[in-house]
Every structure is written in C-alpha cells, then in structure tokens.
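S.K.: have a look; sequence and predicted model below, questions after that.
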Amino acid sequence: MSGLIPQQFIDDLSYRLDIVDVIGSRITLKKSGANYTACCPFHQEKTPSLYIYTDPGNQHYHCFGCGAHGGVIHFVQEFDSLSFPETIELLARQLGLEVPRSTQEFKPDPNKPIIDALEWARELYCEQLRSHPQRQLALDYLARRGLDEDIIERYQIGFAPAGASLLTQNASPQQLKALLEARIVLEREGRQFDLFHNRIMFPIRDRRGKTIAFGGRTLGNDRSKYINSPESPVFHKSSHLYGLFETLKIDRQLSQLVVVEGYMDVVSLAQFGIHYGVATLGTATNQESISNLLRQSQDIVFCFDGDRAGFEAARKALNNCLPQLADGMNIRFLMMPEGEDPDTLVRREGTEAFRQRLEKARPLSLFFFDLHSEGLNLELSEHKAILKTRAEPQLTQISAPTLRNAMRDQLRALTDAFFARKQQFQKRRQHQDRPREARADVVLNLGLFICLSLYYRPQNWPQFAPLLEMELEASDFRKAQNFVQYLKEHQIQNQLSLLKRLATDPQARAQFGSYFDGIELLPDAEKAEAEALASLKSFEKLWRGERQTALVEKIKSFGSLTDEEMAELRRLTTASPSEAGEI
C-alpha cells in the first residue's frame, strides 16, 4: 500500500509495545535491576554489553560495545533486516492493528476512553475519602489497619459510598459508556448501577501508572469481603500485579519481590517499610503471572496463609514455577502461622521480625519435598515409593538443568532406593581401580565414563576434544575417541538430539549401542562428569608417557630428532598432564 504512515500512528505503536517482550522474543535477556542486559546481536561478544531500559516514558536500548542505540521499532528493523515500513507492518500486525496511510484516517487507541474513564473514577473515589459525609466509616477502618496518609496517598486508596450510584450519577455519557465497557458499571433490565459500593477502593494500575481496574473491600457484612473488576479490554488478571507500579516508584532496582495474596497485605507491608510487596490478581498464581513476576525480579518470596487454602495456593504457584526456572533464580516460600496473614503478622510482630521471616523463607528445592512428602513416613519403603511417584513427574518439568539434577539427588537421598547398590558399585570400582598387570583394564573404566558423561550431556564434547589428538591402543580409549568424534561431526548439543540421531542412524546405533554394558548401575550425570574429567587427565598422562617413550626410543635408534620433535619432547618433559593434552 502506498502513502506515508502518520507519525501519530508510529508514536502510538511505540507506546503500546513492551520493549522487554519484543526484544526478549528475539534474544535472551537477563534482569539487571530495573532494566535488562543481553549479549549484543549486532556484534560478536561474550560479555553482555547491551542494556534494555524499561522506563515507560523512554523505552530504549543501548550497546556499550558497538554503540547500537534506539527504540523498540529500530531494534526490530535492524535485527530482522526489514525496511522501516515492513517493521511497522510487522509490529502492527502483532497487535492486531491496520497500518494507516496518508490517504486513510488514523484511528487512535480504542482503549484510551476506557483508561481515561477509569482514571476519572479513581480520582472520584479518592475525593469521596476526603469529603463524602460517610467518609468517617472508611477512615476509621483504615486507621484500625494502621495506615497513614502517606500510604493512602501512595496507593491512591479511595472510598465508594453506599448507594451504587456514585459513578452513574456523576459520569458524562461518554464516561458512562467507557465504564460499562470496563464493567465497573453494570446494566440490568434497563437500569445502570455501580459495581462497587460501601467499599474501600484499591485502584489496580499498570506499569505506566494508568488505572485499569479496581478491587474493593466491604465496610459492611457483604457475603463477598473482596470483589474485583471483571476482565475487560484493558484488564487481564494474569498480566498485571497489584502494587508493582507503586513498588517501582520507590525502587526501580527490584532486587526482591514479596508476593502476597491480598491488596491489604501489600499496603500493610509498605506501611511497615517493606515496599517490595505485590499481589497477583485472580484466584491462583498461574504460569502467565509467574512469567510476569520473573520478568521483574529473579529473587521472589511467595507468602501464603497457613491454612489449607494457603497451602493449595502455594502448591499451584510452585508447580507453575517449575517450567520457568533458570539456574540462578532464588524462589522461596513463606507460610504464615495458622490464623495469620502478612497484614496481621507484620502489624503484630513489626518490620524486623517479618524481615527475618523472609530471610528464613523455605527455598523452592526444599519446599517442593515438604509438599510432596506431606502425610508420608519415609521410614517406610512403601511411602518412599509414593514420594518417588509424586515427585518424579514434577522434576522432569524443571527447566533449570543444574537445579533439576540437584533435586533428583535430593529425591534419591530421601527415598534411599539405590544407596546399597551404589555402595556396592563404588566398592567394585575401587577394586577395579587397583593397579593390575593389564593396563587396558584400568583404561576400560576411563573410556566408559567419558562416553557416559557425554551421553548425559553431549554438548560438553569440546571438553574432551584433546582425545582426538591422542593415540592409545586400549579399546575403550578408541570407543571414547570415536564417540567424541561422532558428536563433533554432527554438532550435537543436547541429549534429545543425540537420542533422535541414534534412533534414526542404524550404523551409529550399532557402533555405540553396547558401550555401557560394563556398568551394572549408571551413576547420575554429575558423578559421571566428574569421573569423565578425571579419566581425561589419566588418558593425557598415559599418552604423554607413551609419547615421551617413543621420542626417547627414536633418539636411541636414530641419534637425533627433528626440531619439531625436540620442541615437543621438551614440552612433554616440562608440561603438566593437562597442558600436555593441548599439544
């Protein structure tokens, strides 16, 4: 389509895009305070020098290595190698927008009237808390909860008086139409009325500080203590966190987040100086809300009530964390004493005591087994089997490889299923490692463990590339050498790729299929890797000795060596085994 794209549309598009979502869909980002870092895709580097700045009013990126700089649209244009119009078309399509041209009328954000109406409602609720004749009921409640004027102002807490007509009587026709779309004004049998009345009002704001919904706490005996705005064109529960905007205003670094269940929990923690509390919206912490949390901070403490419902909420949160874990994240769980919630506990114990509880929160790896071993007596073999049945399927969901392997070790320790056989295996290995007349028997174990380690983690083959430069006669050295060569040739980077290739390559399956017949009990990946690295050093030492002997014998037989051979002999004589392996 010909014609210029209106600048107003470009500005509106840039405003709607989240730079973290857009760039994060193309390269791997790492949280760094309030912003993000990454290895720059526009030049070669190993240490991240690309910074993504997330200030809602000035989203941009800058590379301190090559100087690349710009906004979200410019990044996509450069990364995807598109023209500017192609970039605008791509990003607009992702948001479901049609790009206008100079011959078309530009259509502004259709949700802007809803946001404007909700902002007006927030101001109106705040004004009622200051001036409405019924305001004292609300003020007395807030005073009993220990909230001062600063906290009330920071969170823009307001008051919806009784009567269900505050909004409908004061809104303009345009505002009323928008509030109906936001679903905080309802219509039934031709009559319009407010959703919220006789309630303390908590505005829910997005990262820009714009009001997108409300939560309301009753001041009477309503059956529902809290009610929330229904989902609307501007409000999707899993995409937002109550209190995040207010938290970012205090500290954009966000070294830690405390996740609680209710609005009052967030506000009470802030009143006591814990300004990094947020609440998820909805009945459960699902994967989308977990993803939202992890974009804000890598250090998260979940606080749940100590009743059955609280433990069930904690279980759901934990299960939804597992697929999104990365090594280096610090996720913990703090269960409140029975009958307490963060609001009541921080008011009763004070700031320092609550912070100490946060410091002692249970790490995810331990809390996982607390939940799965609930009701079990691990002295009983049957209960150990139950724990294994409960835990193993969940462990496979963990995306962080180091944590996943460590938790599998924890499961083995708790179930105690293989200890006896492992001890017998270790005794056999100690016996096998004793010096024997046939050196090949020692080498047999060495090659076997290298193959086993690379079966678990084939992407580690470069560590064992020195084997390709060695020449030893032992058969299991040849097996290890061949396996490394195979992984190198096919550039296999994970176990799934290896298994798929072996399944579809009959020749490789015939060659490598019987490699592990010599082990009665396979050790875990960490143990196999340690053994493999030790085996590599032993191979290096053997090869170094054999090569030295061959060069010395050549001197005896021929009286001299070439210059290259003399230099090699000097290196072999002075180098450590690991250095010699690089020759």
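M.R.: Cool, the structure landed. Numbering: from 1, shown residues only.

S.K.: for the residue lying closest to Asn228 once chain neighbours are set aside, grab phi and psi.
M.R.: In this structure, Asn228 finds its nearest non-sequential neighbour in Gly215, 4.8 Å apart by Cβ to Cβ, 6 or more residues apart in numbering. Quick note: C-beta positions are derived from backbone N, CA and C, even for glycine. Dihedral angles of Gly215 (phi, psi; degrees, to the nearest 10) stand at phi -120, psi 150.

S.K.: got the contact list for Gly215?
M.R.: Contact analysis of Gly215 by Cβ atoms under 8 Å, 6 or more residues apart in numbering lists Met201, Phe202, Ile204, Tyr226, Ile227, Asn228, Ser229, Tyr242, Tyr263.

S.K.: and with 6 Å instead?
M.R.: Shown here is Gly215, whose contacts under the criterion Cβ atoms under 6 Å, 6 or more residues apart in numbering are Phe202, Asn228, Tyr263.

S.K.: show me the residues you listed that map onto strands.
M.R.: Using DSSP state E, the subset of the contacts of Gly215 located in strands is Phe202, Asn228.

S.K.: can you add neighbour count and pLDDT and give the contacts of Gly215 back as JSON lines?
M.R.: Formatted as JSON lines, those follow (neighbours: other Cβ atoms under 10 Å; pLDDT from 0 to 100):
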{"residue": "Phe202", "neighbour count": "26", "pLDDT": "97"}
{"residue": "Asn228", "neighbour count": "20", "pLDDT": "93"}
{"residue": "Tyr263", "neighbour count": "26", "pLDDT": "94"}
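
S.K.: so, low pLDDT: which residues of the stretch 351-500 of the chain?
M.R.: Within the stretch 351-500 of the chain, the segments meeting pLDDT under 70 span 416-445, 475, 496-497, 499-500.

S.K.: swap the cut-off to 90 and go again
M.R.: For the stretch 351-500 of the chain, the stretches with pLDDT under 90 are 366, 370-385, 387-388, 399-401, 406, 409-461, 463, 465-483, 485-500.

S.K.: in it, which spans are strands?
M.R.: 362-363 (DSSP state E, counting those that start in this stretch).

S.K.: what does the stretch 201-350 of the chain give?
M.R.: 211-218, 226-228, 241-242, 257-260, 277-280, 299-304, 330-335.

S.K.: centre of the chain to the second one, how far?
M.R.: Taking Cα atoms, centre = their mean, to the nearest Å, one finds strand 226-228 lying 29 Å from the centre of the chain it belongs to.

S.K.: residues contacting that strand, please?
M.R.: Gly215, Gly216, Arg217.

S.K.: re earlier: just name the closest of the contacts of Gly215 to Phe193, please.
M.R.: Taking Cβ to Cβ as the measure, Phe193 lies nearest Asn228 of those, at 17.3 Å.

S.K.: how far away is the closest one from Leu124?
M.R.: Going from Asn228 to Leu124 by Cβ to Cβ, to the nearest Å gives 18 Å.

S.K.: what about stretch 512-532, how long is it end to end?
M.R.: 17 Å (Cα to Cα, to the nearest Å).
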